[in-house]
Structure formats: structure tokens, C-alpha cells
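Trainee: sequence plus predicted model, see below.
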Amino acid sequence: METWGPIQYRDFYDVPRIFIVKYENSTLLFDSPFDDITDEYTQEYSVYLIHNPSKDDLQGDWKVLVSKAERLLGRVPVSKVQFDLTKRKEINLEIFADFDI
């Protein structure tokens, strides 16, 4: 049975390019930044464990969240993250089966 979790996102190009999601007792940041060399967004998310961001953290550029991350958990191809039909509300939390959280 699939389990879905709500996301908050900042940048969107085809899919959210940086978003946060709660999983169990953790807050996770998925980041797929723009690569100036290839002139494309990266094809994978870097997944970070972060402390709960403050309202101020969520107001500005979310790249600051990466610098505040507790640790990098791993990377996952963008194509492996299953979003809801709108691609803006939820992800399938089964993706975390591959992570040591």
C-alpha cells in the first residue's frame, strides 16, 4: 500500500526542484539545482536531513537550507520520485526505503 506525504516546494520546472517533506520524525530536503555548465537542472536529487526550517528560512532562497543541513543522506534520480498528479502536493514516501534515516 502506498503512503503519501505532503511537500512544500520553492522552484518548479517540470517537477519541484527543491522541496521539503516530513518522514516519520525527520524533515528531509530534496534538492535538484540548476547546473550552469549543462544549462539544465540536475537529473538527481540530493537528499538532506535538516532541522525544521523556520518561517524566515522558508521566506528567502532555499539554497540556504542546504548549507544548514545536518547531513547528506544520499542521492536519488528525479525520475524515481513519484509525485501526485499535480506534481505539487505530495510524494510517495516509499522512496525512503532506500535511505538510512
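Mentor: On my side now, so go ahead.
Trainee: where does the protein have its least confident helix or strand?
Mentor: When the helices and strands of the chain are scored by mean pLDDT, DSSP states H and E, helix 55-59 comes last with a mean of 87.
Trainee: residues in contact with that one?
Mentor: 8, 64-65, 68 (Cβ atoms under 8 Å, 6 or more residues apart in numbering). Every residue, glycine included, has its C-beta placed from N, CA and C.
Trainee: the following helix or strand past it: how far from the chain's middle?
Mentor: As assigned by DSSP states H and E, the chain's next helix or strand after helix 55-59 is helix 63-67. For helix 63-67, the separation from the chain centroid amounts to 12 Å (computed by Cα atoms, centre = their mean, to the nearest Å).
Trainee: for helix 63-67, packing partners?
Mentor: strand 18-23, strand 26-31, strand 44-50 (3 or more Cβ pairs under 8 Å, 6 or more residues apart in numbering; DSSP states H and E).
Trainee: quick one: residue 91 from residue 12, how far?
Mentor: Here the distance between residue 91 and residue 12 works out to 14 Å (Cβ to Cβ, to the nearest Å).
Trainee: ok, which of the helices and strands packed on helix 63-67 comes nearest residue 75?
Mentor: Nearest to residue 75, of all the helices and strands packed on helix 63-67, is strand 44-50, at 4.8 Å by Cβ to Cβ.
Trainee: tilt between that closest one and strand 26-31?
Mentor: With axes from the mean of the first three to the mean of the last three Cα atoms, to 10 degrees as the basis, strand 44-50 and strand 26-31 are set at 150 degrees to each other.
Trainee: quick one: buried residues of strand 44-50?
Mentor: Residues 44-50 are the ones in strand 44-50 that count as buried (16 or more other Cβ atoms under 10 Å).
Trainee: could you dump these into a markdown table and include distance to residue 86 and pLDDT?
Mentor: Listed next are those as a markdown table, based on distance: Cβ to Cβ, whole Å; pLDDT from 0 to 100:
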| residue | distance to residue 86 | pLDDT |
| --- | --- | --- |
| 44 | 22 | 97 |
| 45 | 18 | 97 |
| 46 | 24 | 97 |
| 47 | 22 | 96 |
| 48 | 24 | 96 |
| 49 | 26 | 95 |
| 50 | 24 | 95 |
